[in-house]
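A.B. asks: just the structure for this:
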Amino acid sequence: MQTTTESAHITHPSKDMMGRGLGQEERRLVAQLRDKCHALLSPKYDTDFNLYRWLLNTEKVQKIRRTTHPEQLVSTTAIALNNHLKYRKLLHLDDETAPTWEDNPLYKHKLLPLGHLVEKPDKNNRFMWYIEYRSLRFEVFGGKNDNV
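C.D. replies: This is a model prediction of the structure:
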């Protein structure tokens, strides 16, 4: 089942994370969220699946029920999603070619530490991300730095 939103120029698959079709209420919430975030949504990120998973996460974490407070659910989700989309734009994650670790300004100026994800999970089935703290400059957080 496919649906096209009026504001979007691409067709979005209407499936939830379990492969079920989205109901009318879920599609309405996704459309409202899309309207609140459309300025920052890239075509690659603008899918019903992505937007619906943001709504589900907000509903679970913030404990905002869609049945009793749908407007609050959408507005709270939009705040978090817009913040996330600003970071995606800052980091050029939706560009055709994303910058390398060395070219990304956040890592180049050592504002975030470099790290790597291990290839296999540990004995508790957890993936581990190791951070190289020597790649982080702590002095940029404590005062003026003209090099950044």
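A.B. asks: residues in contact with the residue nearest to the spatial centre of the chain?
C.D. replies: Relative to the mean C-alpha position of the chain, the nearest C-alpha, by CA atoms, centre = their mean, is the one of residue 84, at 4.8 Å. The contact partners of residue 84, by CB atoms under 8 Å, 6 or more residues apart in numbering, come to none. In short, each C-beta sits where N, CA and C put it, glycine included.
A.B. asks: ok, it to residue 46 distance?
C.D. replies: Distance, residue 84 to residue 46, by CB to CB, to the nearest Å: 13 Å.
A.B. asks: take whichever helix in the chain runs longest, keep the C-alpha atoms, and write them as PDB.
C.D. replies: Ranked by residue count under DSSP state H, the longest helix found in the chain is helix 70-90. Output of helix 70-90 as PDB, limited to C-alpha atoms (Å, rounded to 0.1, in the frame of the first residue of the first chain):
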ATOM      1  CA  PRO A  70      -2.300  13.600  19.900                       C
ATOM      2  CA  GLU A  71      -1.400  17.300  19.500                       C
ATOM      3  CA  GLN A  72       1.000  17.100  22.400                       C
ATOM      4  CA  LEU A  73       2.600  13.900  20.900                       C
ATOM      5  CA  VAL A  74       3.100  15.600  17.500                       C
ATOM      6  CA  SER A  75       4.500  18.900  18.900                       C
ATOM      7  CA  THR A  76       6.800  17.100  21.300                       C
ATOM      8  CA  THR A  77       8.000  14.800  18.600                       C
ATOM      9  CA  ALA A  78       8.500  17.700  16.200                       C
ATOM     10  CA  ILE A  79      10.800  19.500  18.700                       C
ATOM     11  CA  ALA A  80      13.000  16.500  19.000                       C
ATOM     12  CA  LEU A  81      13.000  15.600  15.300                       C
ATOM     13  CA  ASN A  82      13.800  19.200  14.200                       C
ATOM     14  CA  ASN A  83      16.700  19.200  16.600                       C
ATOM     15  CA  HIS A  84      17.900  15.900  15.200                       C
ATOM     16  CA  LEU A  85      17.500  17.200  11.600                       C
ATOM     17  CA  LYS A  86      19.600  20.200  12.400                       C
ATOM     18  CA  TYR A  87      22.400  18.000  13.600                       C
ATOM     19  CA  ARG A  88      22.000  15.900  10.400                       C
ATOM     20  CA  LYS A  89      22.300  19.000   8.400                       C
ATOM     21  CA  LEU A  90      25.300  20.300  10.400                       C
END
